[in-house]
Structures are given as structure tokens and as C-alpha cells.
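> coordinates only, sequence not included:
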């Protein structure tokens, strides 16, 4: 259950409504304390090891006000007001944030006399290590067996079983032919290269060796072709599945990770996987087959001497196992450093204008050099470990070969073996040891590939926090009625950005969202687009809770004109038609005309076929903005979002964009965010946000006439800033 058990020996009057364990003491040291809430009191109980539970703090429940889960560096504290003074109840580490954030919300509702239920169950935890599972998965990344990744990887072979079987058959035949050639030395030495040797047999032996070599060559070529095709197909399937999965993951996943690290999963990790599947896997299979085949032959020739060949094998495998465990840590660190380097590279190149604007090239070079050095140092450590293993294996193999030479020659002198038997034996012994020598390198390769596989599957095991419910309702056509009902949301559970927000937009209305930076305007829009789900309350579309609506139906009828317009590499026409790839050229031109973009497009070298660089390079901010409006017009949304659509434009360009927006909003429910408050004069209503709460609603004129109001203050502030700018000019 969500409530934690109250220790025996603690006397509590009445039933316990809430019991949450903290893992820090008041001085910040690690230690256990229990917050206990009854109908009348709030108790904080110290749980010292080997001592009886002792009440450290006792406060009447009704005297508390405004409980909050505050966060600090490395931890946090549950606080509340008591007799006008902020009182710290308990402290906790960052791992306990979500639990105490929920407790604070429940306490706040109880103090207001409202009903609030505790969660029925806490997040599931791994039964082995006790760590909580990631949301949406029951796989523990710490305790999951490493063989699981290999078995899961082999599952991608199912569509290609026939090709895999053919590859295995070719490997078996090729290995058998490779073992047949050394065996030909026995009749050559024992029956041909003796006085009165059989010349006819010599011809047969040479012809057999030639045919075997030809077949091995042909099989090698066919095997390489098939292995390359099979490895690349499987890698293609995994890469596409990974990219497809990334497309449907929620924005919260990207909020927590660096884009460069995510890109390295798609490119570098799948590249490591491809190299192993194409070459490493077949080498591993061939070596194993060769070891088994040679072992069968040498035991058939002389089982006693064969035992001496096997002497180094267990030692080699034991060393490989020991080094495997040690090197896995370094290989994981190697991939982590690769991800950090890619993240820095992506960040710096995307922000190159800022780097140059502030002359920080040398600083960024130094940062890149430091991360590259970390990567290089880790790579050196990995290679050093494998070099030690490889050298040790080589020494053991040399000792084994010398032992076979000595014992075999002694058996020949004693007439227990023929010279042909000895030469075949030594040749096979050399072939037996060669796979063992390279097995350590293959284990290195396998270790890297397995690490890359785990990193890929780690992403694939992520589940979208925002996804269609099992009983999701279709929205074939949205009328445009939007209602926020008691919405509370925070990107981190203990830090709500929106607090109990409620308002309604009727079909065709234009709602202006106003407030200082950080007030929650963009977050309000993010919930409408269902990039995130509210922590509490609901966003209703035509009376249907957004959680219960099909995401595709909602977003297909919702258009966004963002502040920072993103354009894709491609033609102008392709960018306008992005939301409707099947749109005709006439429809594209019509949308451009409505957006006041047609004239400047015709002035471009290739008009609508003009190729745009990354992020719309070569276009001004106003041109990019008008293309975004044209894209929204062609999309023909029922609900429109304008996020600072004119914030970066000059007066003339802003006039053109405003004319385009005026045409765009007709007949649509529109949500507009603007710092230039005059641009919201035509809004039916303004919703003024402050610190995540609605403080005012009304028309532009009503709010402006309200002396001392938040909107009036914002307008005055903006007017003063505008005067300063005019003086500076």
C-alpha cells in the first residue's frame, strides 16, 4: 500500500491517515524519520537503529497551512506554515521527491476540507535490488541478465531464418573442408613420400586439395555476401524500429536527455551492432565449429595426446571470463563518453552563431578537447585490458604447441604414431589454438556489441507517458470548445508550473494568454496539444477529456504557429505542405497568398521550388514566420495556437503577418500568446497568469481599465520599455 507501516511501540491516537518515511535527518545526514498524520495531529518520529521510535515533533493538524514539498540541491523538505512561521517538518533525498510532492498535495486538500485519496499503490520496484522500475516498464536495467539482450537480438532473425540457416550450413561445410585439407598430409607423408610411393595417389591428393580450396573460396564469397546482407537487414530493422519508437515517445523523454546522446544510440550503437552482426557473429560461429571439429579429429587420432591440446583451453576461457567482467565497466564508460561527445558536438554546432557572437570559440574548443580526451583515455584503458588478455592467451597457446611437439615426437620415436599422424596432429593443434587466440578479440567485439544492444533496447523499453487510452474516443471533427478544469501540472512533480487553472474557450473565440516569462503560458498550450498530461484536473475538448481522446485525431485538427519557426530541409512548397503532403500546387499557392508570403516567394530564384537550408537558412524571420502561417492555413485546423508569432518582427513585417493572422483565425478557436500586448486587442478574452495561477480574466479594455490589476501593470511596464527604446534610437 502507499502508506508505510507505523512501527510497533509508537502510540498514535486515532487512525493513521498518512504515513511517509523520509531518509534524511534535520541536519541533512542520512537517517530515517516517519511523518505520521492523523485526524488531529502531525507527528515526526525518529527511527534510530536499535532504539525505540521517538516523537521529534508534534503539531496540531488544524494549525498547519500551505504545506509544500520544497526542493534543494541534492534533496528537499516538506514545509508548512504554523502560527505565521514556516516550519520544516521532514527532509528527504531527491529519490523521495515524487512521494512527498504527492503527500503535500493531499495534505493541502485535507486542510481545505476537501476530499483527497492516496494513490492505491506505489511505483513497482525490482524484487532483487529494490530500485523502482521506470514508468511504463517492468525491466530493471541493473538486474536484467546480459544474456537477455543477446536472446532478444536473436529474435530479429525470425523473418530471415532461411538465410540464417543457409549461412550456418555454409559455415559448417566450409569448416569441414578446412579440416579436410590438413588431414590430406597423412596419406601424403605415410604413403606417397616414402620409397616406392604411389604417384597416382599423389595426383588424387593434390586434386582433392585443389577442389577443397576452390570450394572454400566460393563458400567464403557466398558466405560474406549473405552475412553482409543479413547483418545489414537486421540492423536496418532495429534502426528503423528505434527511430519509429523515438517519434512516438513523449516530450518528457527528450526533456531528460541530451539530443546528441540520443542520436548516438541511432547511429553509433546500431553501427557497432551492424559490425558484429556482419562479421563478428559469423567469425564466432566458424571458430566454435572449428574448435569442435578439430577436437573430434584429434581425439580420433590419439586421445591421450589430444588431452594435452586441451590443457590451455580452460585457462584461456577462465581468463576471458575474468577479463570480460572487468572490461564491461570500461566499455559502458566508453559508450557513455561517446554520447557526451556527440551531445556537446550537436549543442555547439546548433548554437554556433552564439559561440561566434560572444567570441567563445576557444572555450568550446577546450570543452570539446576535454571530452575527447576522456573518450580517448577510456579507449586506451579498454585496449590495454584486451592487450594483456591477448598476450597471455598467446603465451599459453605457445606452451601448448611446444608440449604437443614434444609428446608427439616422442610417440613417433616409440612407433606409437606415424610421422603423418604427427604432422596432421600439429597442424590441427595450430588450427585449434588459433580460434582460442582470436576468441578473446571476438569476446571484445561481442562485449562492445552487447553493450550497444543494451543501450538500444534501453530506449526501446521506454514507454510514452502520453499515449492513447484503451478506450480512447475518436474526434472526427472538433467544434472548438476547450475547457481547463482544475488543471495542475509540473514538469517535475514537486514543482507545479500550473496550479488549479480553470477557464473555458467557446468555439470560434480568441483567447489571449498573458503573463510574465515563466507564468505558465506555454505550458498551458503544451497541455492543450497533449504533449504532456495534467497531474491533476482535466483539459476537455468538446467535452471529451484529452486523456480519453485519440492523440492523432486531436493533433490533426490543431495547428501551431510557433515563435521560433522550424523549417525542414527541402523546397518552400514542401515546407508549406508539410502537414498535408498530398496538397495540390494550387492549394499551396492559395495558402501562401493568404499568409502574405506569395510575393516574396516569387522573388526567390526558383520560387516555390527554392531549396531551403537547415532550419530555413537564407530566409528572414518574417519570411519564416509567414511560411509557418501558410503551413497552418493549409493544415486548416479547428483549434489554432499562436505562440509569440510576431515577437521578432519589424513594424512593416509585423503588419503583414498580422494581416495574415487575421485571416487565419476566422472561424477557429484560437489561443494567442504575445508579449506585445497591443496585438491581443482583438481577443475575445484575456487570461492573465502569474506564478502558474489565473489572476485576471476579461477583455482587453476591461482589464486595462482595472487600476492596480496585473494586466494594467504589465501594459505600463511594456509602455515604459517602449519609451526607453524610442529614446535610445
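Great, that's in hand. Note that this is a predicted model, so its numbers are computed, not measured.
> bridging residues for residue 33?
According to DSSP bridges, the residues that bridge with residue 33 are residue 22, residue 46.
> one more: residue 91?
Going by DSSP bridges, residue 91 forms beta bridges with residue 24, residue 77.
> number of residues surrounding it?
24 (other Cβ atoms under 10 Å). Heads up, the C-betas are built off the backbone N, CA and C, glycines and all.
> quick one: it and residue 21 touch, right?
No. Residue 91 lies out of contact with residue 21 (Cβ atoms under 8 Å); the separation is 11.9 Å.
> residue 409: what's it in contact with?
residue 422 (Cβ atoms under 8 Å, 6 or more residues apart in numbering).
> before we move on, which element is it in?
helix 361-413 (DSSP states H and E).
> what sits in contact with each of residue 91 and residue 21?
Counting by Cβ under 8 Å, 6+ apart, the residues touching both residue 91 and residue 21 are residue 33.
> starting at the chain centroid, how far to the helix holding residue 409?
Distance of helix 361-413 from its chain centroid, counting by Cα atoms, centre = their mean, to the nearest Å, is 33 Å.
> would you map the helices across the stretch 1-150 of the chain?
97-111, 146-154 (DSSP state H, counting those that start in this stretch).
> pull out the buried positions in whichever helix or strand comes after the shortest one.
Downstream of helix 146-154, the first helix or strand assigned by DSSP H and E is helix 161-183. By neighbour count, with 16 or more other Cβ atoms under 10 Å as the criterion, the buried positions of helix 161-183 are 164, 167, 170-171, 174-175, 177-180, 182-183.
> for residue 207, which residues are in contact?
Per Cβ under 8 Å, 6+ apart, neighbours of residue 207: none.
> what is the distance between the helix or strand that contains it and the centre of its chain?
Using DSSP H and E, the element containing residue 207 is helix 199-248. For helix 199-248, the separation from the chain centroid amounts to 34 Å (computed by Cα atoms, centre = their mean).
> do the same with stretch 559-571
24 Å.
> may I see the buried residues of it?
559-563, 565, 567, 571.
> circling back: between helix 161-183 and the helix holding residue 207, find me the angle.
150 degrees (axes from the mean of the first three to the mean of the last three Cα atoms, to 10 degrees).
> so how far is residue 38 from the nearest residue to residue 37 once chain neighbours are set aside?
Counting by Cβ to Cβ, 6 or more residues apart in numbering, residue 37 lies nearest to residue 18, which is 3.9 Å off, once chain neighbours are set aside. Noted for residue 18: a distance of 9 Å to residue 38, by Cβ to Cβ, to the nearest Å.
> which of these two has more neighbours?
Each of residue 18 and residue 38 has its neighbours counted (other Cβ under 10 Å); residue 18 has more, 19 against 16.
> show me what contacts that one?
So residue 18 contacts 3, 35-37, 103, 106-107, 118 (Cβ under 8 Å, 6+ apart).
> what of residue 709?
Taking Cβ under 8 Å, 6+ apart, we find residue 709 in contact with 688, 696, 703.
> kindly report the same for residue 71.
94, 97, 492, 494-495.
> and of the buried residues of helix 161-183, the nearest to residue 222?
residue 170 (6.2 Å; Cβ to Cβ).
> neighbouring contacts of stretch 53-66?
7, 9-10, 26, 33-34, 37-48, 80-83, 87, 89, 107-108, 110-111.
> hmm, 7 Å instead?
7, 9-10, 37, 39-47, 80-83, 89, 111 (Cβ atoms under 7 Å, 6 or more residues apart in numbering).
> give the buried residues for that stretch.
53, 57, 59, 61, 64.
> quick check: mean pLDDT across that stretch?
For stretch 53-66, mean pLDDT rounds to 86.
> how near is the closest residue to residue 348 other than its chain neighbours to residue 350?
Nearest non-adjacent residue to residue 348, counting by Cβ to Cβ, 6+ apart: residue 364, 5.1 Å away. Counting by Cβ to Cβ, the gap between residue 364 and residue 350 amounts to 12 Å.
> those two - which one has more neighbours?
Comparing residue 364 with residue 350 by other Cβ under 10 Å, the one with more neighbours is residue 364, at 18 against 13.
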